[in-house]
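Undergrad: Make a model of this:
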Amino acid sequence: MSGFATTVDRRYFEDYVPGSVHEFGTIAVEPDEVVSFGRRFVPLSYHIDAEAAKSSIYGGLIASGWHTAGLMMRLYTDNYLSRVANLGSPGCDELRWDKPVFPGDDLSIRVTVLEARRSESKPDRGIVRSFVEVLNQKRDIVMSLKMVNFIRCREPKADRKEQ
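TA: Residues are numbered from 1 along each chain as shown. Okay, here's the model as predicted:
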């Protein structure tokens, strides 16, 4: 459940409160997409061949970690990032694939705002650092990473009222 007071089409830097936790999902891991993604980008037997994958350490077909990251990004952009104030990202840190993701899994995300600070050099925006956990339907963490996003401020620094 999201704790945001605003929707993604009204969300600005000031709405990302450090310490707040937001949950969104689900998105299905479709068997045909696992194989299709694997064939195109990561052609390893446990991503593309269900029969061969049975003898792998995973015991069956699994989604590529990069496919899992793509599914996470869909939930993240649809639900967490502002549609009116997102200015992009310089990257992420500490990407971990903790458990395999199987066809048929349903994934959700839990996002904790770690830090939100106004940019010193560009005061019309802030820097939001978030910890993203991807969970399967059993609530196991299957992937995690720390994201950094630039988000436009609702109010220019000079116009902000002191609180």
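Undergrad: now the top helix by length along the chain: how far from the chain's centre is it?
TA: Secondary structure of the chain per DSSP state H: the longest helix is helix 65-79. Per C-alpha atoms, centre = their mean, to the nearest Å, the displacement of helix 65-79 from the mean C-alpha position of its chain is 5 Å.
Undergrad: Likewise for stretch 37-55?
TA: Centre-to-centre, stretch 37-55 and its host chain are 24 Å apart (C-alpha atoms, centre = their mean).
Undergrad: Stretch 80-91 too?
TA: Per C-alpha atoms, centre = their mean, the centroid offset for stretch 80-91 relative to its chain is 12 Å.
Undergrad: before we move on, back to that, for the longest helix of the chain, which outside residues touch it?
TA: 2, 8, 22, 24-25, 27, 29, 33-34, 37-38, 41-42, 47, 63, 95, 97, 101, 107-109, 111, 132, 134, 142-143, 145, 147 (C-beta atoms under 8 Å, 6 or more residues apart in numbering). (Each C-beta comes from the backbone N, C-alpha and C, glycine too.)
Undergrad: List only buried entries from those.
TA: Buried residues within the contacts of helix 65-79, counting neighbours by 16 or more other C-beta atoms under 10 Å: 8, 22, 24-25, 27, 29, 34, 37-38, 47, 63, 97, 101, 107-109, 111, 132, 134, 142-143, 145, 147.
Undergrad: Show me those that map onto helices.
TA: Using DSSP H, the buried ones among the contacts of helix 65-79 in helices are 34, 37-38, 47.
Undergrad: nearest to R154, of the residues you listed?
TA: F37 (37.7 Å; C-beta to C-beta).
Undergrad: What is the neighbour count of the residue lying closest to the closest one once chain neighbours are set aside?
TA: By the measure of C-beta to C-beta, 6 or more residues apart in numbering, the closest residue to F37 outside its immediate chain neighbours is H67, 4.3 Å from it. By other C-beta atoms under 10 Å, 21 other residues sit near H67.
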